[in-house]
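Novice: got a predicted structure here, sequence first:
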Amino acid sequence: MKYRAALVLLASLSAASMLMAQKIKMVPPSQTSGANGKEMFSSYCASCHGLDGKGNGPAATALKTAPSDLTRLAANHGGVFPVETVVRDIKGDGTAVSAHGTSDMPVWGTVFKSLHSRNGDAMIAIRVNVLTEYVKSLQAK
């Protein structure tokens, strides 16, 4: 199967089993709608960042670097959501988040590329932009 090379965190593990094992099980990425930011976030991000984006996902305690509270990104940047930084971090082009691209977290641009054999770059851009907009929607008011 073409997805074997790309690994993602298994979101369905319970917090209790993560605490006991202190190991994150890696699995091939599941196919999600590239047009649904909430679905992508739930499948690809929530295991570490939590469904609410606050960094409290079931795999968070097993990571070397605590996941960011994604609901505070705008507040941490003077009230302006850092679109370009988030896009770079999702794609793996940024260096701001040390956990991205290490064994703790796959680079999502690479994972998204593995999901699309045709029109890969266009589909990656769509997925990254839709996911960025969803993260923007999580910002604390």
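Specialist: Cool, got the structure. Residues are numbered from 1 along each chain as shown.

Novice: give me the neighbour count for the residue nearest to residue 36 when sequence neighbours are not counted.
Specialist: Closest residue to residue 36 apart from its sequence neighbours, by CB to CB, 6 or more residues apart in numbering: residue 130 at 7.2 Å. Yep, even glycine has a C-beta here, placed from its N, CA and C like the rest. Using other CB atoms under 10 Å, residue 130 is surrounded by 19 other residues.

Novice: and residue 130, what element?
Specialist: In the assignment (DSSP states H and E), residue 130 maps to helix 120-137.

Novice: pLDDT of that helix, averaged?
Specialist: Computed over helix 120-137, the mean pLDDT rounds to 89.

Novice: so what does it touch, helix or strand wise?
Specialist: Judged by 3 or more CB pairs under 8 Å, 6 or more residues apart in numbering; DSSP states H and E, helix 120-137 is in contact with helix 37-44, helix 83-91, helix 108-114.

Novice: could you dump the ones you listed into TSV with mean neighbour count added?
Specialist: Compiled in TSV, the helices and strands packed on helix 120-137 are given as follows (neighbours: other CB atoms under 10 Å):
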stretch	mean neighbour count
helix 37-44	20
helix 83-91	19
helix 108-114	21
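
Novice: mean pLDDT lowest where, among those helices?
Specialist: helix 108-114 (a mean of 69).

Novice: related to what we said a few turns ago, dump the helices and strands packed on helix 120-137 to a markdown table, plus distance to residue 68.
Specialist: What follows is the helices and strands packed on helix 120-137, written out as a markdown table (distance: least, CB to CB, whole Å):
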| stretch | distance to residue 68 |
| --- | --- |
| helix 37-44 | 13 |
| helix 83-91 | 9 |
| helix 108-114 | 14 |
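
Novice: so which of those comes closest to residue 77?
Specialist: helix 83-91 (7.9 Å; CB to CB).

Novice: other SSEs contacting that closest one?
Specialist: helix 108-114, helix 120-137.

Novice: out of the ones you listed, nearest to residue 50?
Specialist: For those, the distance to residue 50 is smallest for helix 120-137, at 12.4 Å, taking CB to CB.
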